[in-house]
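Student: Let me see the structure of the following:
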Amino acid sequence: MLNVTVRPAKPVDIPVLAKLWLEKIVLVAQSDARFKLSPDAAAHWSTGAIQWLSDTRCMIYTAEQEDNLTGFAIGWIQTAPPGVLPERIGVVTELVLDMHQYQQGLARALLTPLREWFNAQGAGAVVALVPHRHPVQQAFWRSLGATEWIDLMWVK
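Tutor: Residues are numbered from 1 along each chain as shown. As a prediction, the model looks like this:
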């Protein structure tokens, strides 16, 4: 049984979330040389995350277990190009779990309120940014019924 509390993030959570993010992004960078991290990447991410907390287009949910943050999900509302339906989509930009405290069902627990928030914002669809060379994340999203939609191309 999943024994976790999912709640909106608070400014006090950001240092722990930055550590979880850095642990994940280091692995992504190791599998794809295009990802270059600055020496103070976590500090830059923290500065951005503090700003995101007050941005009405963004929602960050955290998972907390026994006073420890064990994961988080970040979602954004994005307007589709004119003439494209649905007019608003929810974009999951981060889904990060503490690799040292894995608990089955945690990712789904984080996505449930995020999807509810997307619906409340009028988002007609949800898309997720998933690293190309991360088969575990891809498998998770496929298990939810996600299919590939747009190829995001990287130009140097």
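Student: Relative to A18, how far out is the residue nearest the centre of the chain?
Tutor: Closest residue to the average C-alpha location of the chain: E94 at 1.7 Å, with C-alpha atoms, centre = their mean. Separation of E94 from A18 (C-beta to C-beta, to the nearest Å) stands at 11 Å. (Each C-beta comes from the backbone N, C-alpha and C, glycine too.)
Student: What of L111?
Tutor: For L111, the distance to A18 - C-beta to C-beta - is 21 Å.
Student: Likewise for Y61?
Tutor: 16 Å.
Student: now do S38
Tutor: S38 is 13 Å from A18, by C-beta to C-beta.
Student: who has more neighbours, these two?
Tutor: A18 (20 against 9; other C-beta atoms under 10 Å).
Student: element containing that one, please.
Tutor: helix 14-31 (DSSP states H and E).
Student: quick one, the following helix or strand past that helix and helix 14-31 angle?
Tutor: Next helix or strand after helix 14-31 toward the C-terminus (DSSP H and E): helix 41-52. Using axes from the mean of the first three to the mean of the last three C-alpha atoms, to 10 degrees, the inter-axis angle of helix 41-52 relative to helix 14-31 is 130 degrees.
Student: what's helix 41-52 packed up against?
Tutor: Helix 41-52 sits against helix 14-31, strand 58-65, with contacts defined as 3 or more C-beta pairs under 8 Å, 6 or more residues apart in numbering; DSSP states H and E.
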